[in-house]
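>>> starting from these lines, generate the structure:
(one chain, ligands or ions: 1)
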Amino acid sequence: MATAEQVISDEAQYCADTFNGAIASAAISAAWEIGLLDELERAGRVGTAEFARASGADENVVRALLVALSTRRIVTLDADRTEATTAAGFADVYRSKGFFYWLTRGCGELLTTLPAKMTLAGREAESVRRDSRAISVACRNIARSFFDPPFRELLEGLDLTTVADLGCGSSDRLIMLADLLPHTRGIGIDVAAGAINVSKEAIADAGMEDRISVVQDDVLNLAPREEYAGVDLVTCFLMGHDFWPRENAVTMLRRLRETFPNAKNLIIGDTCRSTGVEGPEHPMFTLGFETVHTVMDQYLPTLDEWSSVLEESGWRIADRRVIDLPAFSFIYRLTPA
Ligand SMILES: C[S@@+](CC[C@H](N)C(=O)[O-])C[C@H]1O[C@@H](n2cnc3c(N)ncnc32)[C@H](O)[C@@H]1O
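All right, here's what the predicted structure looks like:
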């Protein structure tokens, strides 16, 4: 029911929810980037005028973001729309903000140019662009919330000196490890200039330039380097699907044994293609992850396909964790077979 005069059907409300959800997704990303979400998390409330003054944002736009958030029960606005307080949906959105940022900031251009990408010719004519800086910021947040806690469990008891992180994004994992284990060194490898820039800034901010280096390189075609010989742990989070299709994944995993000949462990964490999910039951992230990778012509393996490829990979599973959010996600700790 929209107003006293206007009664809308359930179907029309689904439609309105779809539209409002798109605006709210963009508003979540913007609110995070300008510090509005963090302020709501810290104080439980925000005044539009005081936030606008402190952040330099336009008060009307701050209010517009808050109205968008209120449509999804993330905040509640007072009657004159000058103050917002966190509402029932806030905690989940705050925890999941990286997914929204990935979608709207990282993949925004891909989605707005979708009609031109419907055919192979269209995709070839115009490359499919994502914002690699925003993707690495989003993934840092997703990994911290959902992958790092089980990852730390899998590290227990391992004796580490040098870690190479493939598709390192922001290098957050290497910084976390260097912080946790003061004698370790890190090498981050990523193909995207935006990710390398975010990495370099984060490593400098952490004062770890003497312990963590970054290399801009294609993980799928790594040339041997002297420093790789000292690596005893290889990690790879949220990019393992780039190893696929299947025959490439087998070759790639086997080649890692040669590139990092002294690696005693390979820890891979990734999200897989869903199975058995229909229509409105799609969980958080799955639909965006699968749509975007389809447009990018990137094959996404299922969890079963990952398990089956490992049998031929030159590695064996020593330990594993299954992750519920993002759904259909896993972390494997592999050791040389
Ligand atoms: C989804 S992000 C994950 C970033 C990071 N691993 C994390 O957990 O936050 C995937 C990263 O892999 C990088 N990547 C994708 N394909 C790559 C390749 N062939 N070689 C090196 N890096 C690659 C991307 O540039 C991006 O930074």
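>>> dump the residue contacts of the closest residue to N197 other than its chain neighbours.
Leaving out its chain neighbours, the residue that sits closest to N197 by CB to CB, 6 or more residues apart in numbering is R133, at 6.6 Å. The way it works is simple: take the backbone N, C-alpha and C, and place the C-beta from them, glycine included. Neighbour list for R133: G194, A195, N197, V198 [criterion: CB atoms under 8 Å, 6 or more residues apart in numbering].
>>> swap in 10 Å and give it another go.
R133 sits next to R105, G106, G169, S170, A192, A193, G194, A195, I196, N197, V198, E201 when contact means CB atoms under 10 Å, 6 or more residues apart in numbering.
>>> tell me the one of those residues nearest the ligand?
Nearest to the ligand out of these is G169 (CB to the nearest ligand atom; 2.5 Å).
>>> figure out the helix or strand that the closest residue to the closest one other than its chain neighbours lives in.
Distances taken as CB to CB, 6+ apart put S136 closest to G169, at 3.9 Å, once the chain neighbours are dropped. Of the helices and strands defined by DSSP states H and E, S136 is found in helix 132-142.
>>> buried sites along the helix or strand that that helix is followed by?
As assigned by DSSP H and E, the chain's next helix or strand after helix 132-142 is helix 148-155. Within helix 148-155, the residues scored as buried using 16 or more other CB atoms under 10 Å are D148, P150, F151, L154, L155.
>>> one more: stretch 330-337?
F330, I331, Y332, R333, L334.
>>> which bits of the stretch 151-300 of the chain sit near the ligand?
167-170, 189-192, 195, 218-220, 237-239, 242 (CB under 6 Å from any ligand atom).
>>> returning to that earlier point: could you export the buried residues of helix 148-155 as TSV, including pLDDT?
Below are the buried residues of helix 148-155 laid out as TSV (pLDDT from 0 to 100):
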residue	pLDDT
D148	97
P150	98
F151	98
L154	98
L155	97
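>>> which residues touch the closest residue to V295 other than its chain neighbours?
Spatial nearest neighbour of V295, excluding adjacent residues (CB to CB, 6+ apart): K117 at 5.1 Å. Listed by CB under 10 Å, 6+ apart, the contact partners of K117 are L110, L111, R123, A125, E126, S127, V128, T294, V295, M296, D297.
>>> kindly recompute the last result at 7 Å.
R123, V128, V295 (CB atoms under 7 Å, 6 or more residues apart in numbering).
>>> what is the nearest of the residues you listed to V93?
Lowest distance from V93 to those (CB to CB) belongs to V295, with 25.5 Å.
>>> out of the contacts of R133, which are inside strands?
Of the positions in the contacts of R133, not one sits in strands, assigned by DSSP state E.
>>> got a quick ChimeraX command for the buried subset of those?
In ChimeraX, a selection of the buried entries from those looks like this (16+ other CB under 10 Å):
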select :105,106,169,170,192,194,195,196,197,198
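>>> so can I have a markdown table of the contacts of R133 showing distance to A68 and pLDDT?
Converted to a markdown table, the contacts of R133 look like this (distance: CB to CB, whole Å; pLDDT from 0 to 100):
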| residue | distance to A68 | pLDDT |
| --- | --- | --- |
| R105 | 16 | 97 |
| G106 | 19 | 97 |
| G169 | 28 | 96 |
| S170 | 27 | 96 |
| A192 | 30 | 96 |
| A193 | 32 | 96 |
| G194 | 27 | 95 |
| A195 | 29 | 96 |
| I196 | 33 | 97 |
| N197 | 30 | 96 |
| V198 | 27 | 96 |
| E201 | 30 | 98 |
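>>> who are the contact partners of K97?
Contact analysis of K97 by CB under 7 Å, 6+ apart lists I28, W32, L37, N141.
>>> and which of these is nearest to the ligand?
For the contacts of K97, the minimum distance to the ligand (CB to the nearest ligand atom) is 8.5 Å, reached by N141.
>>> isn't the closest one up against G98?
Yes. Under the criterion of CB atoms under 7 Å, N141 makes contact with G98 at 3.2 Å.
>>> so how far is the ligand from L155?
L155 sits 15 Å away from the ligand, taking CB to the nearest ligand atom, to the nearest Å as the criterion.
>>> run a quick neighbour tally on R63.
R63: 18 surrounding residues under other CB atoms under 10 Å.
>>> pretty sure it sits in a helix.
Yes. Assessed by DSSP: H, G, I helix; E, B strand; the rest coil, R63 belongs to a helix.
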